[in-house]
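Engineer: let me see the structure of the following:
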Amino acid sequence: LEVNVLGLCVMTREFIKQLRERNVDDGHVVHISSISAHRVVGSFNHFYAATKFAVGALTEGLRKELRDLKSNIKVTAISPGLVATEFLPRAKNIENPKEAIEEMYSKFGFEALTAEDIANSVIYTLSTPARMQVFIQVLLTTWGLMYFWDQCLQIGLIQYC
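Structural biologist: Predicted coordinates for the structure are as follows:
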C-alpha cells in the first residue's frame, strides 16, 4: 500500500507541482501499474491487485482533474504482465532468485517481458504527439498471462506464482 499507492501519489503530486512551478503545461505522467489492475489472477494476490486497481483509479482521476484545469499534461498507466525480474522470487523468499527465474520461465516455454520492454513502452508513450493520449497500455507476453497461469497450475509451480 505504501509503495504502490501512497508512494505513487506523493511522487505524482510533486511532479505536477514542479511542472506548475516552471509553467510547463505539456508534461506526461506515467504510472507503472500491473496486469493485476485489470484482473485478479489468483486467490494469493488480491491485496496486491487492490493496490493496482487503486493505481488505475488514481490515474484516471488525475487525468480528469487535469482536463478540468484545461491542462495539456498527459497521464498514462502502463500495465505489464509477467516481467523477468527478481520481484516474485524475492517476495516468496526464494533462495537464489535468478536461478528460480530461469527455471520458472524455461518450464513455461516462452519468454517473459523484460525491464527493457517496459522501458521501451515508456519511451513510446512519451514520444506520442500532443494530439494523442495513451490512456492504458497492457503489455503481455506473446502467449499472454492466462497461458502463464495455466502453465503454473499444470506443472506445479504454484509456489512461484
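Engineer: so what's the residue nearest in space to the middle of the chain up against?
Structural biologist: When the chain is reduced to its mean C-alpha position, the nearest residue by CA atoms, centre = their mean turns out to be Ser33, at 2.7 Å. For Ser33, the contacting residues are 52, 55-56, 59, 77-79, 136, taking CB atoms under 8 Å, 6 or more residues apart in numbering as the criterion. (Each C-beta comes from the backbone N, C-alpha and C, glycine too.)
Engineer: what mean pLDDT does the lengthiest strand in the chain have?
Structural biologist: Across the chain, the longest stretch assigned as strand under DSSP state E is strand 74-80. For strand 74-80, mean pLDDT rounds to 95.
Engineer: any idea how far the nearest residue to Ala84 once chain neighbours are set aside is from Tyr48?
Structural biologist: In this structure, Ala84 finds its nearest non-sequential neighbour in Ala112, 4.1 Å apart by CB to CB, 6 or more residues apart in numbering. In this structure, Ala112 and Tyr48 are 17 Å apart, going by CB to CB, to the nearest Å.
Engineer: shaky segments in this protein?
Structural biologist: Regions of the chain meeting the criterion pLDDT under 70 cover residues 42, 97, 108-110, 143-161.
Engineer: list the neighbouring strands of the longest strand of the chain plus their orientation.
Structural biologist: strand 28-32 (parallel), strand 136-139 (parallel) (DSSP bridges).
Engineer: and of those, who's closest to Arg13?
Structural biologist: strand 28-32 (10.4 Å; CB to CB).
Engineer: show me what the closest one is in contact with.
Structural biologist: Taking contacts as CB under 8 Å, 6+ apart, the residues outside strand 28-32 that touch it are 8, 12, 15-16, 55, 58-59, 62, 73-78, 80, 118, 122, 125-126.
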